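Peer 1: I need the structure of the sequence given here:
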Amino acid sequence: MMRTFVSDINTSIRNSWIQIPSIPGSADVKFIVKNNSDEIGKPLGTSVVFTTSLWVNASPYQLFNFLRHGSSRKKWDLLSHHLSVREFAYMNNGKNLKNRVSLMRAFTPEDKTEIFYIQKSYTDSMASYVVYAPLDESSLKGLANGSNPNIVMILPSGFVICPSGLQGNDDDDKNNGAGTILTIAFHIVESTNIRSIISPESVETLYKVITDTVSAISDAVVYNNMFKTWLM
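Peer 2: Numbers count the residues shown, from 1 in each chain. Down below sits the predicted model:
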């Protein structure tokens, strides 16, 4: 999942980023059209990666905790907007308990599961990331039963969180300081058929998804007391 995410968002010559030309104010949002006809671990057809970066008036510590917690996910994740999200299993990755691989469940008030997520979160003094992908129940059961993880179809999305200036130490950095540079990247299926381009309507939908996410995160920063719940 992490290899795919890093490959998706880098600026190598393999990634031909396209700037959205037709929507006012969209200069900072770019996308890539990807086709897959035989690569194991990715759905067949056409998918789209779309990304943007912005400055956020919050510390990396605050933003990382807000984005990684299941309890705050419905504040920014459009798929989970009307759902509750809980981590039901995890595996630590190192001494920092926030560096972990998590399994999360998004469920209705009637306790009906709508979405499973696998998520990897990591933080240190240089940068942080929260990367995730939705899973269906059969894939989750396969992983739990020891099936090969390389054949599980995953399109990772997520966040890269970098300090925009001098900051304090990880857990002591609870003030806004110089703020944070946040990169957002989403990877979604566009079509089960191979396509060289996507429709203007799809571009507009992708733009709305990423700008609505930016607005949701920005609103959480404006109402800064929202962060207090997720500082631990």
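Peer 1: what packs against the lowest-mean-pLDDT helix or strand in the chain?
Peer 2: Lowest by mean pLDDT, DSSP states H and E among the helices and strands of the chain is helix 137-144, with a mean of 80. Where contact means 3 or more Cβ pairs under 8 Å, 6 or more residues apart in numbering; DSSP states H and E, helix 137-144 is packed against strand 113-123. In this view, the C-beta of every residue, glycine as well, is placed from N, C-alpha and C.
Peer 1: List the contacts of the strand it packs on.
Peer 2: 1-2, 60-61, 64, 68, 79-80, 83, 85, 93, 96, 98-108, 128-137, 140, 154, 161, 170 (Cβ atoms under 8 Å, 6 or more residues apart in numbering).
Peer 1: give me that answer again for 6 Å
Peer 2: 64, 68, 83, 98-99, 101-107, 129-135, 140 (Cβ atoms under 6 Å, 6 or more residues apart in numbering).
Peer 1: what about the longest helix in the chain?
Peer 2: Scanning the chain for the helix with the most residues, using DSSP state H, yields helix 200-222.
Peer 1: Quick check: buried residues in that helix?
Peer 2: Of all the residues in helix 200-222, those buried under the rule 16 or more other Cβ atoms under 10 Å are 202-203, 206-207, 209-211, 213-214, 217, 220-221.
Peer 1: Where does the most centrally placed residue in the chain sit, in terms of helix or strand?
Peer 2: The centroid of the chain falls nearest to residue 158 when counting by Cα atoms, centre = their mean (1.9 Å). Residue 158 is part of strand 157-163, with elements assigned from DSSP states H and E.
Peer 1: now that strand: mean pLDDT?
Peer 2: For strand 157-163, mean pLDDT rounds to 96.
Peer 1: I'd like the distance from it to the chain centre, please.
Peer 2: Distance of strand 157-163 from the chain centroid (Cα atoms, centre = their mean, to the nearest Å) equals 8 Å.
Peer 1: just the helices in the protein please.
Peer 2: Secondary structure of the chain (DSSP H): helices at 2-9, 60-68, 137-144, 200-222.
Peer 1: So which bits of the third one are buried?
Peer 2: If I follow you right, that is helix 137-144. 139-140, 142.
Peer 1: same check, this time on the first one
Peer 2: By neighbour count on 16+ other Cβ under 10 Å, the buried set for helix 2-9 is 4-5, 8-9.
Peer 1: Dump it to PDB, restricted to CA.
Peer 2: Presented in PDB, the C-alpha positions along helix 2-9 are these (Å, rounded to 0.1, in the frame of the first residue of the first chain):
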ATOM      1  CA  MET A   2       2.800   2.500   0.900                       C
ATOM      2  CA  ARG A   3       4.800   1.700  -2.200                       C
ATOM      3  CA  THR A   4       1.700   2.300  -4.400                       C
ATOM      4  CA  PHE A   5       0.900   5.600  -2.600                       C
ATOM      5  CA  VAL A   6       4.500   6.900  -3.000                       C
ATOM      6  CA  SER A   7       4.500   5.900  -6.600                       C
ATOM      7  CA  ASP A   8       1.200   7.600  -7.200                       C
ATOM      8  CA  ILE A   9       2.100  11.000  -5.800                       C
END
